[in-house]
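Visitor: need a 3D model of the sequence below.
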Amino acid sequence: MEQTNSRQNGVRFLYAAVGLVVLLFAGFVYGWSIFAAPIGADFPAWSKAQLSLTFTICMAFFCLGGFAAGNLSKKIPVRVNVIFSAALFLVGFFLVSRADSLPMLYVSYGVLCGTASGFAYNSVMSTMTKWFPNSQGTISGVLLMGFGSSSMVLGSLFDAMTPAETGAWRQTFLIMGIIMAAVIFIGAFFFKMPPPSAAPAAKAKQADGSGRDLTPTQMLRTSSFWLFFLWAILISGIGLAVISQAKPFASAIGVAVDAGVITFVVGFISICNGLGRVVFGGLFDKLGWKRTMTIVNAVSLVGVIILIAALFTKAFPLVVVGFIVTGLGYGGAPTMGSAVISDFFGQKNYPVNFSINNMNLLVASFAGTIAGALYDASQSYVSTLVVLAVCSVVAFVVMNCIRRPK
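Guide: Presented below is the predicted three-dimensional model:
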(Lines give C-alpha, C1' and ligand atoms only; values in the text may rest on other atoms or scores of the structure.)
Protein backbone atom coordinates (compact mmCIF):
# COMPACT_ATOMS: atom_id res chain seq x y z
CA MET A 1 0.00 0.00 0.00
CA GLU A 2 2.82 2.38 0.94
CA GLN A 3 4.62 1.70 -2.33
CA THR A 4 1.41 2.31 -4.28
CA ASN A 5 0.81 5.66 -2.56
CA SER A 6 4.41 6.67 -3.13
CA ARG A 7 4.15 5.81 -6.83
CA GLN A 8 0.87 7.70 -7.17
CA ASN A 9 2.38 10.75 -5.47
CA GLY A 10 5.32 10.57 -7.86
CA VAL A 11 2.95 10.48 -10.82
CA ARG A 12 0.91 13.49 -9.76
CA PHE A 13 3.98 15.58 -8.95
CA LEU A 14 5.44 14.67 -12.34
CA TYR A 15 2.19 15.78 -14.00
CA ALA A 16 2.31 19.03 -12.00
CA ALA A 17 5.87 19.72 -13.19
CA VAL A 18 4.87 19.12 -16.80
CA GLY A 19 1.82 21.35 -16.29
CA LEU A 20 4.06 24.15 -15.04
CA VAL A 21 6.19 23.92 -18.19
CA VAL A 22 3.18 23.78 -20.52
CA LEU A 23 1.63 26.86 -18.91
CA LEU A 24 4.95 28.68 -19.07
CA PHE A 25 4.81 28.31 -22.86
CA ALA A 26 1.04 28.87 -23.13
CA GLY A 27 1.44 32.21 -21.34
CA PHE A 28 3.85 33.46 -24.03
CA VAL A 29 1.01 35.41 -25.66
CA TYR A 30 1.01 37.77 -22.65
CA GLY A 31 4.31 39.20 -23.89
CA TRP A 32 2.54 41.20 -26.59
CA SER A 33 4.01 44.53 -25.41
CA ILE A 34 7.47 43.10 -26.15
CA PHE A 35 6.51 41.82 -29.61
CA ALA A 36 4.57 44.93 -30.62
CA ALA A 37 7.67 47.15 -30.76
CA PRO A 38 9.54 45.35 -33.58
CA ILE A 39 6.31 44.68 -35.49
CA GLY A 40 5.29 48.33 -35.20
CA ALA A 41 8.73 49.43 -36.41
CA ASP A 42 8.17 47.41 -39.60
CA PHE A 43 4.72 48.91 -40.15
CA PRO A 44 4.88 52.57 -39.03
CA ALA A 45 1.47 53.26 -40.59
CA TRP A 46 -0.16 51.04 -37.95
CA SER A 47 -1.17 53.09 -34.90
CA LYS A 48 -0.54 52.00 -31.32
CA ALA A 49 -4.27 51.61 -30.86
CA GLN A 50 -4.46 49.26 -33.88
CA LEU A 51 -1.56 47.20 -32.55
CA SER A 52 -3.07 47.15 -29.03
CA LEU A 53 -6.29 45.73 -30.46
CA THR A 54 -4.30 42.57 -31.27
CA PHE A 55 -3.88 41.83 -27.57
CA THR A 56 -7.53 42.67 -26.81
CA ILE A 57 -8.62 40.14 -29.45
CA CYS A 58 -6.13 37.64 -28.04
CA MET A 59 -7.62 38.00 -24.54
CA ALA A 60 -11.16 37.62 -25.88
CA PHE A 61 -10.30 34.37 -27.66
CA PHE A 62 -8.26 33.19 -24.68
CA CYS A 63 -11.50 33.31 -22.67
CA LEU A 64 -13.54 31.71 -25.48
CA GLY A 65 -10.90 29.01 -25.99
CA GLY A 66 -10.98 28.16 -22.28
CA PHE A 67 -14.77 28.00 -22.39
CA ALA A 68 -14.70 25.66 -25.41
CA ALA A 69 -12.08 23.44 -23.75
CA GLY A 70 -14.16 23.24 -20.59
CA ASN A 71 -17.23 22.12 -22.51
CA LEU A 72 -15.25 19.56 -24.51
CA SER A 73 -13.51 18.10 -21.44
CA LYS A 74 -16.40 15.71 -20.72
CA LYS A 75 -16.61 14.52 -24.31
CA ILE A 76 -12.99 13.98 -25.32
CA PRO A 77 -9.77 13.15 -23.42
CA VAL A 78 -8.07 16.23 -21.99
CA ARG A 79 -4.85 15.41 -23.87
CA VAL A 80 -6.74 15.92 -27.15
CA ASN A 81 -7.51 19.48 -26.05
CA VAL A 82 -3.83 20.08 -25.29
CA ILE A 83 -2.73 18.60 -28.64
CA PHE A 84 -5.24 20.89 -30.36
CA SER A 85 -3.65 23.81 -28.49
CA ALA A 86 -0.20 22.81 -29.79
CA ALA A 87 -1.51 22.67 -33.37
CA LEU A 88 -3.14 26.10 -33.08
CA PHE A 89 0.06 27.61 -31.69
CA LEU A 90 2.06 26.17 -34.59
CA VAL A 91 -0.31 27.51 -37.23
CA GLY A 92 -0.84 30.80 -35.39
CA PHE A 93 2.83 31.67 -34.99
CA PHE A 94 3.62 30.53 -38.52
CA LEU A 95 1.00 32.97 -39.84
CA VAL A 96 2.30 35.72 -37.53
CA SER A 97 5.72 35.27 -39.11
CA ARG A 98 4.11 35.90 -42.51
CA ALA A 99 1.73 38.69 -41.43
CA ASP A 100 1.72 41.77 -43.67
CA SER A 101 -1.67 43.25 -42.76
CA LEU A 102 -3.60 44.02 -39.59
CA PRO A 103 -6.42 41.51 -40.32
CA MET A 104 -3.82 38.75 -40.73
CA LEU A 105 -2.14 39.78 -37.46
CA TYR A 106 -5.51 39.84 -35.67
CA VAL A 107 -6.45 36.37 -36.94
CA SER A 108 -3.03 34.74 -36.40
CA TYR A 109 -1.99 36.18 -33.03
CA GLY A 110 -5.38 37.29 -31.73
CA VAL A 111 -7.73 34.48 -32.74
CA LEU A 112 -5.51 31.41 -33.20
CA CYS A 113 -2.86 31.98 -30.52
CA GLY A 114 -5.42 33.37 -28.06
CA THR A 115 -7.63 30.30 -28.51
CA ALA A 116 -4.61 28.00 -28.22
CA SER A 117 -3.59 29.60 -24.92
CA GLY A 118 -7.13 29.29 -23.54
CA PHE A 119 -7.33 25.60 -24.46
CA ALA A 120 -4.01 24.80 -22.75
CA TYR A 121 -4.78 26.94 -19.70
CA ASN A 122 -8.17 25.43 -18.98
CA SER A 123 -7.10 21.86 -19.74
CA VAL A 124 -4.05 21.92 -17.46
CA MET A 125 -5.75 23.74 -14.56
CA SER A 126 -8.93 21.65 -14.59
CA THR A 127 -6.92 18.41 -14.69
CA MET A 128 -4.32 19.22 -12.05
CA THR A 129 -6.77 20.54 -9.45
CA LYS A 130 -8.38 17.09 -9.50
CA TRP A 131 -5.01 15.47 -8.73
CA PHE A 132 -4.56 17.76 -5.68
CA PRO A 133 -8.06 18.04 -4.11
CA ASN A 134 -6.71 19.07 -0.69
CA SER A 135 -4.23 21.64 -2.01
CA GLN A 136 -6.35 23.60 -4.46
CA GLY A 137 -4.70 26.91 -3.66
CA THR A 138 -1.13 25.68 -3.67
CA ILE A 139 -1.31 23.74 -6.93
CA SER A 140 -3.20 26.61 -8.60
CA GLY A 141 -0.55 29.06 -7.43
CA VAL A 142 2.38 26.94 -8.59
CA LEU A 143 0.90 26.32 -12.05
CA LEU A 144 -0.20 29.93 -12.47
CA MET A 145 3.27 31.11 -11.50
CA GLY A 146 4.50 29.55 -14.74
CA PHE A 147 1.74 31.20 -16.74
CA GLY A 148 2.27 34.60 -15.12
CA SER A 149 6.07 34.54 -15.47
CA SER A 150 6.03 33.58 -19.13
CA SER A 151 6.08 37.10 -20.56
CA MET A 152 9.29 37.87 -18.69
CA VAL A 153 11.08 34.52 -19.08
CA LEU A 154 10.19 33.78 -22.71
CA GLY A 155 9.82 37.47 -23.58
CA SER A 156 13.46 37.98 -22.60
CA LEU A 157 14.38 34.96 -24.73
CA PHE A 158 12.47 36.48 -27.66
CA ASP A 159 14.44 39.72 -27.25
CA ALA A 160 17.74 37.85 -27.10
CA MET A 161 16.90 35.81 -30.23
CA THR A 162 15.75 38.80 -32.30
CA PRO A 163 18.43 40.94 -34.00
CA ALA A 164 17.81 44.67 -34.37
CA GLU A 165 17.39 44.67 -38.16
CA THR A 166 14.01 45.09 -39.82
CA GLY A 167 11.92 41.92 -40.14
CA ALA A 168 14.09 39.82 -37.81
CA TRP A 169 11.06 39.18 -35.58
CA ARG A 170 9.51 36.97 -38.28
CA GLN A 171 12.16 34.28 -37.95
CA THR A 172 11.94 34.41 -34.15
CA PHE A 173 8.17 33.92 -34.21
CA LEU A 174 8.56 30.93 -36.51
CA ILE A 175 11.21 29.30 -34.28
CA MET A 176 9.26 30.02 -31.08
CA GLY A 177 6.10 28.60 -32.67
CA ILE A 178 7.83 25.32 -33.49
CA ILE A 179 9.37 25.05 -30.02
CA MET A 180 6.09 25.86 -28.27
CA ALA A 181 4.10 23.39 -30.36
CA ALA A 182 6.65 20.62 -29.67
CA VAL A 183 6.75 21.22 -25.89
CA ILE A 184 2.96 21.42 -25.53
CA PHE A 185 2.42 18.39 -27.80
CA ILE A 186 4.79 16.26 -25.70
CA GLY A 187 3.26 17.59 -22.49
CA ALA A 188 -0.21 16.57 -23.67
CA PHE A 189 0.58 12.90 -23.04
CA PHE A 190 1.08 13.60 -19.32
CA PHE A 191 -2.47 14.87 -18.79
CA LYS A 192 -5.37 12.65 -17.85
CA MET A 193 -8.02 12.73 -15.16
CA PRO A 194 -7.00 10.78 -12.05
CA PRO A 195 -8.66 7.45 -11.26
CA PRO A 196 -10.48 7.40 -7.89
CA SER A 197 -7.52 5.78 -6.14
CA ALA A 198 -4.80 8.02 -7.58
CA ALA A 199 -5.52 11.33 -5.85
CA PRO A 200 -5.75 11.72 -2.07
CA ALA A 201 -9.28 11.68 -0.72
CA ALA A 202 -10.74 15.15 -0.52
CA LYS A 203 -11.47 16.60 2.89
CA ALA A 204 -14.96 16.10 4.16
CA LYS A 205 -17.56 18.63 3.17
CA GLN A 206 -18.39 21.37 5.62
CA ALA A 207 -21.51 21.14 7.72
CA ASP A 208 -22.96 24.11 5.82
CA GLY A 209 -23.04 22.08 2.64
CA SER A 210 -20.01 23.63 0.97
CA GLY A 211 -18.23 21.69 -1.67
CA ARG A 212 -21.32 20.37 -3.45
CA ASP A 213 -21.20 20.36 -7.24
CA LEU A 214 -23.13 23.10 -9.01
CA THR A 215 -23.78 23.19 -12.73
CA PRO A 216 -22.78 26.34 -14.65
CA THR A 217 -26.44 27.43 -14.72
CA GLN A 218 -26.78 26.95 -10.96
CA MET A 219 -23.51 28.80 -10.36
CA LEU A 220 -24.64 31.75 -12.47
CA ARG A 221 -27.79 32.03 -10.34
CA THR A 222 -25.80 32.63 -7.15
CA SER A 223 -24.88 36.08 -5.90
CA SER A 224 -21.64 34.56 -4.61
CA PHE A 225 -20.38 34.01 -8.14
CA TRP A 226 -21.25 37.47 -9.42
CA LEU A 227 -19.75 39.21 -6.40
CA PHE A 228 -16.55 37.21 -6.76
CA PHE A 229 -16.55 37.90 -10.51
CA LEU A 230 -16.75 41.65 -9.80
CA TRP A 231 -14.00 41.40 -7.16
CA ALA A 232 -11.73 39.63 -9.66
CA ILE A 233 -12.36 42.32 -12.29
CA LEU A 234 -11.41 45.07 -9.82
CA ILE A 235 -8.23 43.41 -8.50
CA SER A 236 -7.06 42.27 -11.96
CA GLY A 237 -7.91 45.69 -13.38
CA ILE A 238 -5.63 47.38 -10.84
CA GLY A 239 -2.72 45.15 -11.84
CA LEU A 240 -3.33 45.52 -15.58
CA ALA A 241 -3.66 49.30 -15.33
CA VAL A 242 -0.32 49.57 -13.48
CA ILE A 243 1.36 47.24 -15.99
CA SER A 244 0.10 49.29 -18.93
CA GLN A 245 1.57 52.51 -17.51
CA ALA A 246 4.55 51.07 -15.64
CA LYS A 247 7.36 52.11 -17.97
CA PRO A 248 6.26 55.72 -18.62
CA PHE A 249 5.37 56.12 -14.92
CA ALA A 250 8.79 54.90 -13.79
CA SER A 251 10.48 57.09 -16.41
CA ALA A 252 8.55 60.16 -15.22
CA ILE A 253 9.66 59.61 -11.61
CA GLY A 254 13.20 58.44 -12.34
CA VAL A 255 14.16 61.12 -14.85
CA ALA A 256 17.87 60.56 -14.21
CA VAL A 257 17.60 56.77 -14.04
CA ASP A 258 19.12 54.73 -16.88
CA ALA A 259 16.63 53.27 -19.38
CA GLY A 260 17.98 49.75 -18.77
CA VAL A 261 17.32 50.09 -15.04
CA ILE A 262 13.77 51.29 -15.77
CA THR A 263 13.10 48.19 -17.89
CA PHE A 264 14.58 45.95 -15.19
CA VAL A 265 12.41 47.56 -12.48
CA VAL A 266 9.25 47.20 -14.58
CA GLY A 267 10.08 43.48 -14.80
CA PHE A 268 9.58 43.23 -11.02
CA ILE A 269 5.82 43.37 -11.62
CA SER A 270 5.98 40.19 -13.70
CA ILE A 271 8.27 38.40 -11.24
CA CYS A 272 6.12 39.31 -8.24
CA ASN A 273 2.95 38.47 -10.17
CA GLY A 274 4.25 34.90 -10.49
CA LEU A 275 5.48 34.83 -6.88
CA GLY A 276 2.16 36.18 -5.60
CA ARG A 277 0.30 33.30 -7.21
CA VAL A 278 2.30 30.76 -5.21
CA VAL A 279 2.18 32.73 -1.94
CA PHE A 280 -1.57 33.34 -2.02
CA GLY A 281 -2.26 29.79 -3.19
CA GLY A 282 -0.51 28.46 -0.10
CA LEU A 283 -2.31 30.94 2.13
CA PHE A 284 -5.65 29.85 0.69
CA ASP A 285 -5.03 26.27 1.80
CA LYS A 286 -4.03 27.39 5.32
CA LEU A 287 -6.24 30.41 6.01
CA GLY A 288 -9.27 29.82 3.79
CA TRP A 289 -10.80 32.00 1.10
CA LYS A 290 -12.01 34.98 3.18
CA ARG A 291 -8.77 35.76 4.99
CA THR A 292 -6.68 35.22 1.88
CA MET A 293 -8.88 37.47 -0.25
CA THR A 294 -8.64 40.13 2.46
CA ILE A 295 -4.83 39.96 2.33
CA VAL A 296 -4.85 40.15 -1.49
CA ASN A 297 -7.10 43.19 -1.31
CA ALA A 298 -4.93 44.88 1.31
CA VAL A 299 -1.75 44.25 -0.67
CA SER A 300 -3.30 45.75 -3.82
CA LEU A 301 -4.39 48.89 -1.94
CA VAL A 302 -1.01 49.31 -0.24
CA GLY A 303 0.72 48.99 -3.62
CA VAL A 304 -1.38 51.82 -5.07
CA ILE A 305 -0.79 54.01 -2.00
CA ILE A 306 2.98 53.50 -2.33
CA LEU A 307 2.83 54.52 -6.01
CA ILE A 308 0.86 57.65 -5.06
CA ALA A 309 3.56 58.47 -2.51
CA ALA A 310 6.23 57.92 -5.19
CA LEU A 311 4.42 60.29 -7.52
CA PHE A 312 4.27 63.14 -5.00
CA THR A 313 7.74 62.65 -3.49
CA LYS A 314 9.48 61.81 -6.80
CA ALA A 315 11.28 59.01 -4.92
CA PHE A 316 12.30 56.29 -7.36
CA PRO A 317 12.88 53.65 -4.62
CA LEU A 318 9.17 53.95 -3.81
CA VAL A 319 8.39 53.13 -7.45
CA VAL A 320 10.38 49.92 -7.08
CA VAL A 321 8.56 48.97 -3.87
CA GLY A 322 5.20 49.94 -5.36
CA PHE A 323 5.75 47.71 -8.41
CA ILE A 324 6.76 44.78 -6.18
CA VAL A 325 3.69 45.11 -3.93
CA THR A 326 1.29 45.74 -6.82
CA GLY A 327 2.66 42.70 -8.67
CA LEU A 328 2.10 40.51 -5.63
CA GLY A 329 -1.50 41.72 -5.29
CA TYR A 330 -2.21 41.19 -8.98
CA GLY A 331 -0.95 37.61 -8.69
CA GLY A 332 -3.61 36.88 -6.09
CA ALA A 333 -6.59 37.37 -8.43
CA PRO A 334 -6.14 34.37 -10.79
CA THR A 335 -5.12 32.08 -7.94
CA MET A 336 -8.22 33.00 -5.95
CA GLY A 337 -10.29 32.43 -9.10
CA SER A 338 -9.05 28.89 -9.55
CA ALA A 339 -9.29 27.95 -5.87
CA VAL A 340 -12.57 29.68 -5.00
CA ILE A 341 -14.47 28.31 -8.02
CA SER A 342 -13.42 24.80 -7.04
CA ASP A 343 -14.13 25.35 -3.33
CA PHE A 344 -17.50 27.05 -3.79
CA PHE A 345 -18.95 25.16 -6.75
CA GLY A 346 -17.24 21.74 -6.72
CA GLN A 347 -15.04 19.73 -9.07
CA LYS A 348 -17.64 17.96 -11.19
CA ASN A 349 -18.30 20.96 -13.46
CA TYR A 350 -15.07 22.79 -12.68
CA PRO A 351 -13.70 23.00 -16.28
CA VAL A 352 -16.74 24.97 -17.49
CA ASN A 353 -17.27 26.93 -14.27
CA PHE A 354 -13.59 27.92 -14.23
CA SER A 355 -13.72 29.07 -17.86
CA ILE A 356 -16.79 31.19 -17.16
CA ASN A 357 -15.04 32.90 -14.26
CA ASN A 358 -12.05 33.66 -16.50
CA MET A 359 -14.35 35.86 -18.59
CA ASN A 360 -13.59 38.56 -16.01
CA LEU A 361 -10.38 39.13 -17.97
CA LEU A 362 -12.45 40.41 -20.89
CA VAL A 363 -13.60 43.31 -18.75
CA ALA A 364 -10.37 43.76 -16.78
CA SER A 365 -8.31 43.95 -19.98
CA PHE A 366 -9.82 47.39 -20.67
CA ALA A 367 -8.18 48.76 -17.51
CA GLY A 368 -4.99 49.61 -19.41
CA THR A 369 -6.95 51.53 -22.03
CA ILE A 370 -8.85 53.45 -19.35
CA ALA A 371 -5.62 54.25 -17.49
CA GLY A 372 -4.12 55.62 -20.70
CA ALA A 373 -7.23 57.70 -21.40
CA LEU A 374 -7.15 59.20 -17.89
CA TYR A 375 -3.53 60.22 -18.38
CA ASP A 376 -4.24 61.69 -21.82
CA ALA A 377 -7.09 63.74 -20.37
CA SER A 378 -5.18 65.12 -17.37
CA GLN A 379 -1.51 64.72 -18.39
CA SER A 380 -0.97 63.39 -14.88
CA TYR A 381 -0.97 60.00 -13.16
CA VAL A 382 -2.84 61.37 -10.15
CA SER A 383 -6.30 60.66 -11.58
CA THR A 384 -5.31 57.12 -12.62
CA LEU A 385 -3.91 56.22 -9.19
CA VAL A 386 -6.87 57.75 -7.35
CA VAL A 387 -9.27 55.67 -9.48
CA LEU A 388 -7.22 52.54 -8.72
CA ALA A 389 -7.34 53.27 -4.99
CA VAL A 390 -11.12 53.67 -5.21
CA CYS A 391 -11.35 50.35 -7.09
CA SER A 392 -9.43 48.65 -4.30
CA VAL A 393 -11.77 50.05 -1.65
CA VAL A 394 -14.81 48.98 -3.69
CA ALA A 395 -13.26 45.51 -4.06
CA PHE A 396 -12.95 45.31 -0.27
CA VAL A 397 -16.64 46.16 0.16
CA VAL A 398 -17.65 43.62 -2.51
CA MET A 399 -15.50 40.93 -0.89
CA ASN A 400 -17.24 41.38 2.45
CA CYS A 401 -20.58 40.74 0.75
CA ILE A 402 -19.49 37.32 -0.57
CA ARG A 403 -20.93 34.28 1.19
CA ARG A 404 -20.20 30.65 0.51
CA PRO A 405 -23.16 29.15 -1.43
CA LYS A 406 -25.45 26.94 0.59
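Visitor: could you measure the residue positioned nearest the centre of the chain against Leu24, distance?
Guide: Nearest to the geometric centre of the chain sits Gly148, at 5.4 Å (Cα atoms, centre = their mean). Using Cβ to Cβ, to the nearest Å, Gly148 is found at 9 Å from Leu24. Backbone N, C-alpha and C define where each C-beta goes, glycine included.
Visitor: ok, back up a step: do you know the pLDDT at the residue nearest to the centre of the chain?
Guide: Gly148 carries a pLDDT score of 75 in this model.
Visitor: so which elements touch the one helix or strand it maps to?
Guide: Element membership of Gly148, judged by DSSP states H and E, is helix 136-161. On a contact count with 3 or more Cβ pairs under 8 Å, 6 or more residues apart in numbering; DSSP states H and E, helix 136-161 meets helix 2-26, helix 32-42, helix 114-131, helix 168-188, helix 259-287, helix 316-345.
Visitor: so what secondary structure elements neighbour the third one?
Guide: Using 3+ Cβ pairs under 8 Å, 6+ apart as the contact criterion, the secondary-structure elements in contact with helix 114-131 are helix 2-26, helix 48-72, helix 78-96, helix 136-161, helix 316-345, helix 350-357.
Visitor: over to the shortest one?
Guide: In this structure, helix 32-42 makes packing contacts with helix 48-72, helix 136-161, helix 168-188, judged by 3+ Cβ pairs under 8 Å, 6+ apart.
Visitor: quick check: buried residues in the longest one?
Guide: Within helix 136-161, the residues that count as buried by 16 or more other Cβ atoms under 10 Å are 136-155, 158.
Visitor: what's the angle from it to helix 259-287?
Guide: Using axes from the mean of the first three to the mean of the last three Cα atoms, to 10 degrees, the inter-axis angle of helix 136-161 relative to helix 259-287 is 160 degrees.
Visitor: what does the last one give?
Guide: Our comparison of helix 168-188 with helix 259-287, counting by the same axes, to 10 degrees, yields an angle of 20 degrees.
Visitor: next one: helix 168-188 to chain centre, how far?
Guide: 20 Å (Cα atoms, centre = their mean, to the nearest Å).
Visitor: retrieve the pLDDT associated with Asn400.
Guide: On the pLDDT scale, Asn400 gets 95.
Visitor: ditto for the one 5 residues further on
Guide: With respect to pLDDT, Pro405 has a value of 87.
Visitor: verify the stated contact: it with Phe345.
Guide: Yes - in this structure, Pro405 is within contact of Phe345 by Cβ atoms under 8 Å, at 7.1 Å.
Visitor: which residues do those two both contact?
Guide: Applying Cβ atoms under 8 Å, 6 or more residues apart in numbering, one finds that Pro405 and Phe345 are jointly contacted by Leu214.
Visitor: give me the more crowded residue out of the two.
Guide: Between Pro405 and Phe345, Phe345 has the larger neighbour count (other Cβ atoms under 10 Å), namely 27 against 20.
Visitor: low-confidence ranges, the stretch 301-406 of the chain, go.
Guide: Within the stretch 301-406 of the chain, not a single segment meets pLDDT under 70.
Visitor: not counting sequence-adjacent ones, nearest residue to Ile34?
Guide: Distances taken as Cβ to Cβ, 6 or more residues apart in numbering place Gly155 nearest to Ile34, at 4.3 Å, with adjacent residues excluded.
Visitor: and for Phe93?
Guide: Gly177 is the one closest to Phe93 (Cβ to Cβ, 6+ apart), at 2.6 Å.
Visitor: list the contacts for that neighbour?
Guide: Phe89, Leu90, Gly92, Phe93, Phe94, Val96, Ser97.
Visitor: buried ones from those residues, can you make that a ChimeraX selection?
Guide: Buried residues among these (16+ other Cβ under 10 Å), as a ChimeraX selection:
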select :89,90,92,93,94,96,97
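Visitor: of all the contacts of Gly177, which comes closest to Lys192?
Guide: Phe89 (21.0 Å; Cβ to Cβ).
Visitor: doesn't Gly118 make contact with the closest one?
Guide: No - using Cβ under 8 Å as the test, Phe89 is too far from Gly118 to be in contact (11.5 Å).
Visitor: compare the helices and strands packed on helix 114-131 and give me the one nearest Gly260.
Guide: helix 136-161 (12.2 Å).
Visitor: I'd say Leu112 and Val91 touch.
Guide: Yes - assessed by Cβ under 8 Å, Leu112 is found in contact with Val91 at 5.9 Å.
Visitor: any weak-confidence spans in the chain?
Guide: In the chain (pLDDT under 70), the answer is 1-8, 196-211.
Visitor: mind splitting it into its structural domains?
Guide: 2-188, 216-399 (automatic domain parsing).
Visitor: tabulate those (TSV), appending distance to Pro194.
Guide: Formatted as TSV, the domains of the chain follow (distance: least, Cβ to Cβ, whole Å):
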stretch	distance to Pro194
domain 2-188	5
domain 216-399	11
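Visitor: okay, the contacts of Gly177 in CSV with distance to Asn358 next?
Guide: Output for the contacts of Gly177, formatted as CSV (distance: Cβ to Cβ, whole Å):
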residue, distance to Asn358
Phe89, 19
Leu90, 24
Gly92, 20
Phe93, 23
Phe94, 27
Val96, 23
Ser97, 28
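Visitor: and which of the contacts of Gly177 is nearest Gln379?
Guide: Once Cβ to Cβ is applied, the member of those that ends up nearest Gln379 is Val96, at 35.1 Å.
Visitor: neighbouring contacts of stretch 83-92?
Guide: By Cβ under 8 Å, 6+ apart, stretch 83-92 touches 26, 65, 108-109, 111-113, 115-117, 119-120, 123, 177-178, 180-182, 184-185, 188.
Visitor: quick revisit: so for Ile235, which of the helices and strands packed on helix 136-161 sits nearest?
Guide: Of all these, helix 316-345 comes closest under Cβ to Cβ, at 4.3 Å.
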